[in-house]
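Engineer: here is a sequence together with a model predicted from it:
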Amino acid sequence: MGDKNEVIELSLPANAAYVSAARLTASSIANRLGFDIDETEDVKAAVSEACTLLIKLSPTDTVKYFKVIFDPGVESLTVRIRADHGIELAPDEGEMSLMMIRALMDAVEIGNADGCEELRMVKRHQGLFL
């Protein structure tokens, strides 16, 4: 299972062409943590949707990169997505995307971390929380 010291951080250009790299990494990490196929697909889809939303809402003149931070735990996987410069993820913007992400993940928060707006998602192992 995961180790709290194994945080994986990707820094990718704010370009939709790189969303697949985040998606592939999410799949690999979820698989390593023992998530089943449905849970892994949920994580992949949520990461893809969140990255696409962040890129869509990013002002192209200031946001050049975005980060995807995977924090594996014993019972869950936490994924944080943030831009290299502040961006406001207002709840009314990308409402459909946020609804989809919330349906796929067990917890979703939008907040500020280290001066950057951040989307934080948590997926728990289904077998552990029935």
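Structural biologist: That came through fine.

Engineer: and the lowest-mean-pLDDT helix or strand in the chain, what other elements does it pack with?
Structural biologist: Every helix and strand in the chain was compared by mean pLDDT, DSSP states H and E; the lowest is strand 107-113, with a mean of 84. Packing contacts for strand 107-113, counted by 3 or more C-beta pairs under 8 Å, 6 or more residues apart in numbering; DSSP states H and E, involve helix 95-104, strand 116-124. Where C-beta positions appear, they are placed from N, C-alpha and C, glycine not excepted.

Engineer: go with 6 Å
Structural biologist: Judged by 3 or more C-beta pairs under 6 Å, 6 or more residues apart in numbering; DSSP states H and E, strand 107-113 is in contact with strand 116-124.

Engineer: how about the strand it packs on as CSV, C-alpha atoms only?
Structural biologist: Extracted C-alpha coordinates of strand 116-124, given in CSV (Å, rounded to 0.1, in the frame of the first residue of the first chain):
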residue,chain,number,x,y,z
CYS,A,116,-2.5,29.2,-4.9
GLU,A,117,-6.0,28.2,-5.5
GLU,A,118,-6.2,24.4,-5.3
LEU,A,119,-8.6,21.6,-6.1
ARG,A,120,-8.2,18.8,-3.6
MET,A,121,-9.8,15.4,-4.2
VAL,A,122,-9.8,12.2,-2.1
LYS,A,123,-10.7,8.7,-3.3
ARG,A,124,-11.0,5.9,-0.6
